[in-house]
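> Mind folding the following:
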Amino acid sequence: MVKIKVNLKERSYEIVVVSDALGQLGEIITKNNWGREIFVVTDPLVNELHGEKLAKSLAAFKCRVIEIPRGEKNKNLRAMSKLYDQLVKASAHRDALVVAMGGGVIGDMAGFLAATYMRGINFIQIPTTLLAQVDAAIGGKTGVNHPKGKNLIGSFYQPKLVFADVSLLSTLSARELQTGLAEVVKYGVMEDNAFFKFLEENSHHLNPKAFKAPDTKRAALKVWEIIVAESAKIKARVVEKDEHENQLRMVLNLGHTIGHAVETVTNYKQYNHGEAVAIGLVAAARIAVNLNMLDDVSLCRIENLLDKLNLPRRVENITCRKVLKTLMIDKKVRAGNVHFVLPKEIGSVVIKDDVPPEMVKASLKEIGCK
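Residues are numbered from 1 along each chain as shown. Down below sits the predicted model:
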């Protein structure tokens with residue numbers, strides 16, 4: 001078990017990285033007196049896979065399970081309204097506790113539900129995907145998408161606990177694991193060269209096949225614990241310094257500026273979030289190379305690692321015009337300028353708001369935009 005404290009004064013909480021320990025959650029909730037009635041927000045597949053184990057852990061509580069459809073396309077205000085209806089119908093009060101069990105979509109929506117219902121009730125994150133364990137569940141970002149952009153409606157609202165059980169990763173498909181690894185690679189490029197090297201050296205272990213045999217599964221879970229814990233430590237350090245993304249926390253958007261635009265112009269159907277981030281990471285690295293900030297060797301290392309992890313580096317059937325137009329309504333636009341997070345070496349990044357549009361367009365063409 002690894003415990004990582006996110007120090008945010010009265011909003012401080014722990015990220016607990018464990019393996020096969022979901023049964024301990026009820027005892028933790030009781031000990032901390034976080035809620036008397038629990039509303040578990042999840043999706044049908046996650047509930048089928050892990051709901052019974054969670055229900056046993058929460059047997060001492062009055063507990064309701066609310067299922068919402070899977071997928072980014074359902075992360076909208078219409079679905080949020082149905083969540084509010086469920087809590088109102090159950091006469092939920094301020095002592096209710098929302099438990100988000102699922103991936104980033106579930107965590108974002110359940111967190112926004114907790115942030116806004118009765119002006120704020122407690123909630124806990126149980127991230128079941130790698131992407132959520134290393135990124136989405138940490139930092140208090142909650143919200144939903146608007147048809148014109150990703151995560152345009154939301155709030156910063158911290159959970160009481162992030163309970164990351166890496167044994168839950170054994171039920172994921174190869175694609176779901178890969179999409180989380182894009183965020184993991186981001187952390188190495190962003191802040192930790194040694195961690196990036198660790199990923200390069202262990203890339204052959206990072207696949208679902210390792211979970212199949214008991215011996216390899218034990219070894220794989222140890223590797224995943226290291227990956228999740230180190231990623232969580234990096235994100236926690238950044239969040240502590242800049243909770244509300246005023247400036248410093250923007251470094252976490254490495255790969256996301258163009259990645260979010262790619263998701264938006266393809267209506268969240270062609271690429272999942274991690275795949276879009278991988279593409280955005282390559283685009284950011286290529287912008288940095290074209291600005292003479294990053295050397296070609298580092299660019300090759302980034303691209304080679306993404307290749308080893310079976311993550312995409314290029315797009316198909318997307319125009320530069322659509323991506324550039326979408327960039328201008330991104331949350332990272334300040335005073336009419338797009339803020340790009342760009343690597344200057346592996347382990348260090350800078351934020352620039354003066355990248356020439358023609359430079360952005362040239363880099364988009366290098367990743368396959370027409």
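
> rest of the way, CA atoms for contacts and neighbours
Fine.

> hang on, isn't Asp95 packed against Asn33?
No - between Asp95 and Asn33 there is no contact under CA atoms under 8 Å: 9.5 Å.

> Show the backbone phi and psi for the one residue sitting closest to the centre of the chain.
Nearest residue to the geometric centre of the chain (CA atoms, centre = their mean): Ala136, 2.8 Å. Note on Ala136: backbone dihedrals following degrees, to the nearest 10 are phi -60, psi -30.

> Could you pull up the residues touching it?
Gly103, Gly104, Gly107, Asp108 (CA atoms under 8 Å, 6 or more residues apart in numbering).

> Looking at the protein, which helix is longest?
helix 214-241 (DSSP state H).

> coming back round to it: have a look at Asp95 and Asn33 and say which one is more surrounded.
Asp95 (14 against 11; other CA atoms under 10 Å).

> if we can go back for a sec, for the longest helix of the chain, packing partners?
If contacts are counted by 3 or more CA pairs under 8 Å, 6 or more residues apart in numbering; DSSP states H and E, helix 214-241 sits against strand 2-6, strand 13-18, helix 174-191.

> what's the spacing between it and its chain's center?
Its chain's C-alpha centre and that of helix 214-241 lie 14 Å apart, by CA atoms, centre = their mean, to the nearest Å.

> so that helix versus helix 174-191, what angle?
Computed by axes from the mean of the first three to the mean of the last three CA atoms, to 10 degrees, the angle separating helix 214-241 from helix 174-191 equals 40 degrees.

> Give me the buried stretch members for helix 214-241, please.
By 16 or more other CA atoms under 10 Å, the buried positions in helix 214-241 come out as 217, 220-221, 223-236, 238-240.

> Pick the most deeply packed of the helices and strands packed on helix 214-241.
helix 174-191 (a mean of 24; mean count of other CA atoms under 10 Å).

> and it, what's its mean pLDDT?
If you average the pLDDT over helix 174-191, you get 92.

> With stretch 326-340 instead?
Mean predicted lDDT for stretch 326-340 stands at 73.

> Endpoints of it, how far apart?
14 Å (CA to CA, to the nearest Å).

> and Gly143, what element?
In the assignment (DSSP states H and E), Gly143 maps to strand 141-146.

> neighbouring contacts of that strand?
Taking CA under 8 Å, 6+ apart as the rule, strand 141-146 contacts 75-77, 107-112, 150-158.

> repeat for stretch 315-333
So stretch 315-333 is contacted by 148-150, 152, 257-258, 261-262, 264-266, 279, 336-339, 361, 364-365, 367-370 (CA under 8 Å, 6+ apart).

> buried stuff in that stretch?
Val315, Ile318, Thr319, Cys320, Lys322, Val323, Leu324, Thr326, Leu327, Ile329, Asp330, Lys332.

> so how far is it off the chain centroid?
On CA atoms, centre = their mean, the centre of stretch 315-333 falls 21 Å from the chain's centre.

> any low-confidence regions in the stretch 1-150 of the chain?
Applying pLDDT under 70 to the stretch 1-150 of the chain flags no residue at all.

> so where do the helices sit in it?
Using DSSP state H, counting those that start in this stretch, the helices of the stretch 1-150 of the chain run over residues 25-32, 44-57, 77-89, 104-116, 130-131.

> could you dump the ones you listed to TSV with distance to Val251 and mean neighbour count?
Listed next are the helices of the stretch 1-150 of the chain as TSV, based on distance: least, CA to CA, whole Å; neighbours: other CA atoms under 10 Å:
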stretch	distance to Val251	mean neighbour count
helix 25-32	32	14
helix 44-57	31	15
helix 77-89	28	14
helix 104-116	19	26
helix 130-131	17	26
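
> Including distance to Ser203, could the ones you listed go into CSV?
Compiled in CSV, these are given as follows (distance: least, CA to CA, whole Å):
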stretch, distance to Ser203
helix 25-32, 31
helix 44-57, 27
helix 77-89, 37
helix 104-116, 23
helix 130-131, 15
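
> who wins for proximity to Leu168 among those?
Among the helices of the stretch 1-150 of the chain, helix 44-57 comes nearest to Leu168, with 8.1 Å by CA to CA.

> What angle do helix 25-32 and that closest one make with each other?
Going by the same axes, to 10 degrees, helix 44-57 makes 60 degrees with helix 25-32.

> May I have helix 44-57 exported as PDB, CA atoms only?
Taking Å, rounded to 0.1, in the frame of the first residue of the first chain, the C-alpha atoms of helix 44-57 are listed here in PDB:
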ATOM      1  CA  PRO A  44     -23.300  -1.100 -16.200                       C
ATOM      2  CA  LEU A  45     -20.000  -2.900 -17.200                       C
ATOM      3  CA  VAL A  46     -18.100  -1.600 -14.200                       C
ATOM      4  CA  ASN A  47     -21.000  -2.500 -11.900                       C
ATOM      5  CA  GLU A  48     -21.100  -6.000 -13.400                       C
ATOM      6  CA  LEU A  49     -17.300  -6.500 -12.900                       C
ATOM      7  CA  HIS A  50     -16.800  -4.900  -9.400                       C
ATOM      8  CA  GLY A  51     -20.200  -4.000  -8.000                       C
ATOM      9  CA  GLU A  52     -20.700  -7.100  -5.900                       C
ATOM     10  CA  LYS A  53     -17.300  -6.700  -4.200                       C
ATOM     11  CA  LEU A  54     -18.000  -3.000  -3.500                       C
ATOM     12  CA  ALA A  55     -21.500  -3.900  -2.200                       C
ATOM     13  CA  LYS A  56     -20.000  -6.300   0.400                       C
ATOM     14  CA  SER A  57     -17.600  -3.600   1.500                       C
END
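
> Show me what it is packed against.
helix 25-32.

> Who are the packing partners of the helix it packs on?
Going by 3+ CA pairs under 8 Å, 6+ apart, helix 25-32 lies up against helix 44-57.

> which residues touch the helix it packs on?
Residues contacting helix 44-57 (CA under 8 Å, 6+ apart): 22-27, 67-70, 101-102, 128, 171.
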